[in-house]
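Participant: Give me the fold of what follows.
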Amino acid sequence: MWAIWLPVVYLLGTFPSAHLVARASGVDITTFGSGNPGASNVTRALGWRKGIWVFVLDAAKGAIAAGIGLAVDGRPAGYLLGAAAVLGHVYPVTRRFRGGKGVATGAGVLLVMLPLVGTAVIVLWWLVTKVTGTAAVGSIVAVCAAAIGMAIRGAPAWEFAAAVGLCGLILVRHVDNVRRLLRRTEPALRSDDAPSGPRPGPRTPA
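Facilitator: Have a look, this model is predicted:
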């Protein structure tokens, strides 16, 4: 029965949270910073408050999808439908398969499937991102911590593999970020929440 939900949650994953939040402030997020339609780039453009709104909306997509899976067919379906929502966010058919990095949506899946691990990962992401001023560092650390948390929790092998696979997809989406971090060209986040709109700056590769 869970299979009939796959296209539904995939389309849920394509919901353009970043586009809508940025557009409400008069910004085309695809033309700012990295051009990536995600919470981090919205934060660069419009500050933390708007970025958090996008994070919450994107996380809700993963949480809803995983919750549907749990309700209709148990934990395996929760992971499968959660992964479908992440794929919809990362590769949205509605935007020529050019989506976000999947961090927030993946965090939403973890919050439903593994509440303690999911909460710890989000807190860790927040702390590392605030300290370093770079969302990519926070994301990479948080994704690796999710796998470690699963191992400490003693999750069944299939569940560990499912979570690691989801984390692996998110890490693959951060390959360009890793390259920029090594070159020290990764753009930093804004440290303020001034409502005056985005600061001008050149667009960097997504």
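Participant: From now on I want contacts and neighbour counts done on CA atoms only, so please keep to that.
Facilitator: Will do.
Participant: Mind jotting down where the helices sit in this protein?
Facilitator: Under the criterion DSSP state H, the chain carries helices at the ranges 6-13, 17-24, 39-46, 48-90, 103-113, 115-132, 135-153, 157-172, 175-183.
Participant: got the ones you listed as CSV, with distance to residue 189 and mean pLDDT columns?
Facilitator: Below are those laid out as CSV (distance: least, C-alpha to C-alpha, whole Å; pLDDT from 0 to 100):
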stretch, distance to residue 189, mean pLDDT
helix 6-13, 24, 97
helix 17-24, 15, 94
helix 39-46, 5, 89
helix 48-90, 9, 95
helix 103-113, 16, 93
helix 115-132, 9, 92
helix 135-153, 7, 88
helix 157-172, 19, 85
helix 175-183, 13, 85
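Participant: Dump these into CSV; add mean neighbour count and distance to residue 30 as well.
Facilitator: Putting those into CSV (neighbours: other C-alpha atoms under 10 Å; distance: least, C-alpha to C-alpha, whole Å) gives the following:
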stretch, mean neighbour count, distance to residue 30
helix 6-13, 21, 18
helix 17-24, 19, 8
helix 39-46, 29, 9
helix 48-90, 24, 14
helix 103-113, 29, 18
helix 115-132, 18, 22
helix 135-153, 20, 17
helix 157-172, 17, 20
helix 175-183, 14, 17
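Participant: what's the closest of these to residue 97?
Facilitator: Nearest to residue 97 among the helices of the chain is helix 48-90; the distance by C-alpha to C-alpha comes to 7.2 Å.
Participant: hmm, back to that, could you export the helices of the chain as TSV, including distance to residue 97?
Facilitator: Shown next, in TSV, are the helices of the chain (distance: least, C-alpha to C-alpha, whole Å):
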stretch	distance to residue 97
helix 6-13	12
helix 17-24	15
helix 39-46	18
helix 48-90	7
helix 103-113	16
helix 115-132	26
helix 135-153	21
helix 157-172	15
helix 175-183	17
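Participant: Among these, which comes closest to residue 96?
Facilitator: Proximity to residue 96 (C-alpha to C-alpha) singles out helix 48-90 among the helices of the chain, at 10.7 Å.
Participant: Which elements pack onto that closest one?
Facilitator: Helices and strands in packing contact with helix 48-90 are listed as helix 6-13, helix 17-24, helix 39-46, helix 103-113, helix 157-172; criterion 3 or more C-alpha pairs under 8 Å, 6 or more residues apart in numbering; DSSP states H and E.
Participant: Tabulate those helices (JSON lines), appending distance to residue 33.
Facilitator: Listed next are the helices and strands packed on helix 48-90 as JSON lines, based on distance: least, C-alpha to C-alpha, whole Å:
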{"stretch": "helix 6-13", "distance to residue 33": "23"}
{"stretch": "helix 17-24", "distance to residue 33": "13"}
{"stretch": "helix 39-46", "distance to residue 33": "6"}
{"stretch": "helix 103-113", "distance to residue 33": "18"}
{"stretch": "helix 157-172", "distance to residue 33": "20"}
